[in-house]
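Novice: model this:
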Amino acid sequence: MLKKLTHPLAIIFITLLLDKLGENIIFPLLPYILSAYNPDGMTLGLLASTSQGVAVLSGPLVGSLSDSIGRRPVIISCIALNFISLLIFGWAGSLSIIFTSRALGGLGSSTIGTLQAYITDISSPETRSRNLGISGAAFGLGAIAGPALGGGLVGFGASVPVFAAAFLTGINLLIGFIFLRETISEENKKPFDVSSINIFKSISRILSRPDLRAVSLSFALFNFSFTAFTSLLVLALKDLYGWSAAQTSGIFIVVGVVVTYTQVAVVGKLVNRWSEGLVNQSGYLFVSGGILLLPIAGISEVVTATFVVASSIALAIGASLVLPTARSMVSGLVSSQEQGVQLASLASLSGTASCLGPIVAGWLYDITPIASFSVEAIACLMGWILLNQQKHRLS
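Specialist: From the prediction side, this is the model:
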């Protein structure tokens, strides 16, 4: 039993779970936690983009570091940065300090490419999609437990959920330090690439590959749409439909359940039956449909609740299909020595889109929410069109 719990895949699952648990204690409640500052769409969009922007700028450097010095020290260092950022957030007394904490948190979250590379390091070609799907279940479980815990804690004070997230991140840091093993042998480590600091070179690296271009650009459009929508979903539920923190947390619990089931029980079977490319493409349609359901939810109280739940479920299914398959498709097209750099390049490209999405959405939301939702749905459909045109390469 202990051997199973200390298996590298189990440890990285726990690492991802605790990371997402801490994140989801705060994220669904952000407009309520920041209620003293009366945040509008642009404020929340800029807050999300601050974290994403730092992650984008540091992502290529972190990915190259993980290829040269190993995955373990990079992952542990990033967890430590997240821990510090949450402590700063909890003690913040102004929006400027909160923005600073999110910038530091963005640096800590720039390890996503490294975490994905870690999983592919310990996976065979046959188990890669399944393992990435199982890791995605950690995101789902975090999305189930996080909002439930945060919704219960916010009543004790706005900063209590933040310190709870910091506590879990501290535990994560301890587990990683004790149990996380290195997955790159000395002979497979690459010299540090100074040019990796250049984000434009990182993005051009993946776009210059014809075999990676379609899936990378479509994934960027997906991330633009997805982060734009999710960064303002809670504000929309609060402003448009008058939902409480508890109701909002409940929606994210539903999303977590759907994501977990889809990642664990559905993705692998669908990939085996069809292909990564076809499964990936279908996810875009689910997300587009989910986005379009939300703005028409305000017909009546009963219809609102039904449509919000349906919108959230469609979004959860779509994201569960897109996220693991897109990364697995890129991973399957590059050599083992390129895993860290190319997955970090993918993270840089999609992260740039994720940085722009909330800003555009926040600006449009403050004008009229329907404009924000429409642009998000169109962007996701454009990603599907791009993939559909290239399906002979991706299927």
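Novice: CA only for contacts and neighbour counts going forward, please
Specialist: OK.
Novice: list the contacts for residue 220?
Specialist: 349, 350, 351, 352, 353, 354, 383 (C-alpha atoms under 8 Å, 6 or more residues apart in numbering).
Novice: contacting residues for the fourth one?
Specialist: Shown here is residue 352, whose contacts under the criterion C-alpha under 8 Å, 6+ apart are 52, 53, 56, 220.
Novice: got CSV for the residues you listed, with pLDDT and secondary structure too?
Specialist: Conversion of the contacts of residue 352 to CSV gives the following (pLDDT from 0 to 100; DSSP: H, G, I helix; E, B strand; the rest coil):
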residue, pLDDT, secondary structure
52, 80, helix
53, 85, helix
56, 77, helix
220, 95, helix
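Novice: looking at the contacts of residue 220, spot the one nearest residue 42.
Specialist: residue 354 (14.7 Å; C-alpha to C-alpha).
Novice: so how far is residue 370 from the closest one?
Specialist: 20 Å (C-alpha to C-alpha, to the nearest Å).
Novice: output the below-cut-off pLDDT ranges for this structure.
Specialist: Scanning the chain for pLDDT under 70 picks out 1-6, 133-134, 136, 193, 195-197, 298-303, 337, 339-340, 391-395.
Novice: mind checking which of residue 354 and residue 370 has more residues around it?
Specialist: Between residue 354 and residue 370, residue 354 has the larger neighbour count (other C-alpha atoms under 10 Å), namely 28 against 15.
Novice: show me the contacts for the more buried one.
Specialist: For residue 354, the contact set (C-alpha under 8 Å, 6+ apart) comprises 49, 52, 220, 223, 224, 225, 226, 227, 228.
Novice: hang on, the earlier thing: quick one, which of the contacts of residue 220 are buried?
Specialist: 349, 350, 351, 352, 353, 354, 383 (16 or more other C-alpha atoms under 10 Å).
Novice: list the ones among those residues that fall in strands.
Specialist: Using DSSP state E, no member of these falls within strands.
Novice: from those, which is closest to residue 246?
Specialist: Of the buried ones among the contacts of residue 220, the one sitting nearest to residue 246 (C-alpha to C-alpha) turns out to be residue 354, at 27.0 Å.
Novice: ok, the closest residue to that closest one other than its chain neighbours to residue 98 distance?
Specialist: Using C-alpha to C-alpha, 6 or more residues apart in numbering and skipping residues adjacent in sequence, the residue nearest residue 354 is residue 224, 4.7 Å away. As judged by C-alpha to C-alpha, residue 224 and residue 98 stand 23 Å apart.
Novice: okay, those two: which has more neighbours?
Specialist: Shown here are residue 224 and residue 98; by other C-alpha under 10 Å, residue 224 has more neighbours (26 against 20).
Novice: surely the more buried one and residue 349 touch.
Specialist: No - assessed by C-alpha atoms under 8 Å, residue 224 is found out of contact with residue 349, at 10.3 Å.
Novice: what residues of the helix or strand harbouring residue 235 count as buried?
Specialist: In this structure, residue 235 sits in helix 210-241 according to DSSP states H and E. Residues of helix 210-241 classed as buried by neighbour count (16+ other C-alpha under 10 Å): 211-238.
Novice: cool, stretch 271-282 as well?
Specialist: Result for stretch 271-282 [16+ other C-alpha under 10 Å]: buried residues 271, 276, 277, 278, 279, 280, 281, 282.
Novice: got the end-to-end distance for that stretch?
Specialist: 12 Å.
Novice: pull the residues that contact that stretch.
Specialist: In contact with stretch 271-282 (C-alpha under 8 Å, 6+ apart) are residues 129, 267, 270, 318, 321-323, 325-326, 329, 384, 387-388, 391, 394-395.
Novice: look up how far residue 381 lies from residue 173.
Specialist: 39 Å.
Novice: go on, residue 387?
Specialist: Taken as C-alpha to C-alpha, the span from residue 387 to residue 381 is 10 Å.
Novice: could you dump the buried ones among the contacts of residue 220 to TSV with distance to residue 156?
Specialist: Listed next are the buried ones among the contacts of residue 220 as TSV, based on distance: C-alpha to C-alpha, whole Å:
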residue	distance to residue 156
349	39
350	37
351	34
352	36
353	36
354	32
383	43
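Novice: so which of the contacts of residue 220 sit within helices?
Specialist: 349, 350, 351, 352, 353, 354, 383 (DSSP state H).
Novice: helices and strands around the one helix or strand residue 114 maps to, which ones?
Specialist: Assigned by DSSP H and E, residue 114 belongs to helix 112-121. When contacts are defined as 3 or more C-alpha pairs under 8 Å, 6 or more residues apart in numbering; DSSP states H and E, helix 112-121 sits against helix 8-26, helix 41-68, helix 71-91, helix 128-153, helix 339-367.
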